[in-house]
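>>> I would like the atomic coordinates for the input below:
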Amino acid sequence: AARLAQGNKDLVSGNASLLSKVERHQRLDDGIALLMEQYSKLLKCAKVKGPVAQQTSDFSSSVLSAGLLQSADGLLRLSEELIRERVIGDHKSIQSEIQKLTRHQLVQAAESERRLHLIRSEMTEALRQLETSYYCPSE
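Modelled structure (predicted):
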């Protein structure tokens, strides 16, 4: 039952992640479409016209430029969000790196323990030899 609950939890988590990715891709597509639409409208406003029409066109181009900048800003925020998710949200690779580092540290710890035991046995032997030579002086 616990495995089934964990499996369902993983499935729900995976579906939420997939939906989040689909939503981000949709936002990306919408942002690019809006950016291109704003840009094409801005180009249409740039045509040379009479003085009154030119003033109206200048105002329109200001509004469209602001919309263009907002669209670009939205895309930049989405891009930063995707990068942040890739860096922070990549739990599988982080977990594998942690496990790899843990295994490496355990191997190093075992090697250090082996060396310490070897040094201890050498020091014990050296101490015995010193005691033997001290208590049993050779003639």
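>>> from here on, just use CA atoms for contacts and neighbour counts.
OK.
>>> quick one: Met36 from Phe59, how far?
In this view, Met36 and Phe59 are 19 Å apart by Cα to Cα, to the nearest Å.
>>> find the centremost residue of the protein, please.
Centroid-nearest residue in the chain, with Cα atoms, centre = their mean: Val87, separated by 0.8 Å.
>>> how about the helices of the protein, start to end?
Along the chain, the stretches classed as helices by DSSP state H are 2-45, 51-88, 91-135.
>>> just put those in TSV and tack on mean pLDDT.
What follows is these, written out as TSV (pLDDT from 0 to 100):
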stretch	mean pLDDT
helix 2-45	70
helix 51-88	77
helix 91-135	89
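>>> which of the residues in stretch 82-92 are buried?
For stretch 82-92, burial by neighbour count (16 or more other Cα atoms under 10 Å) applies to Leu82.
>>> any idea how far that stretch is from the middle of the chain?
3 Å (Cα atoms, centre = their mean, to the nearest Å).
>>> one more: stretch 127-138?
Offset of stretch 127-138 from its chain centre (Cα atoms, centre = their mean): 63 Å.
>>> please save the CA atoms from that stretch in PDB.
Only the C-alpha atoms of stretch 127-138 are listed here, as PDB (Å, rounded to 0.1, in the frame of the first residue of the first chain):
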ATOM      1  CA  LEU A 127      56.900   0.500  21.000                       C
ATOM      2  CA  ARG A 128      57.300  -3.200  21.800                       C
ATOM      3  CA  GLN A 129      60.800  -3.100  20.300                       C
ATOM      4  CA  LEU A 130      61.600   0.000  22.300                       C
ATOM      5  CA  GLU A 131      60.300  -1.600  25.500                       C
ATOM      6  CA  THR A 132      62.200  -4.800  24.800                       C
ATOM      7  CA  SER A 133      65.400  -2.900  24.200                       C
ATOM      8  CA  TYR A 134      64.900  -0.700  27.300                       C
ATOM      9  CA  TYR A 135      64.000  -3.600  29.700                       C
ATOM     10  CA  CYS A 136      66.300  -6.200  28.300                       C
ATOM     11  CA  PRO A 137      69.600  -4.300  27.800                       C
ATOM     12  CA  SER A 138      71.900  -6.100  25.600                       C
END
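>>> that concludes my questions; thank you for your assistance.
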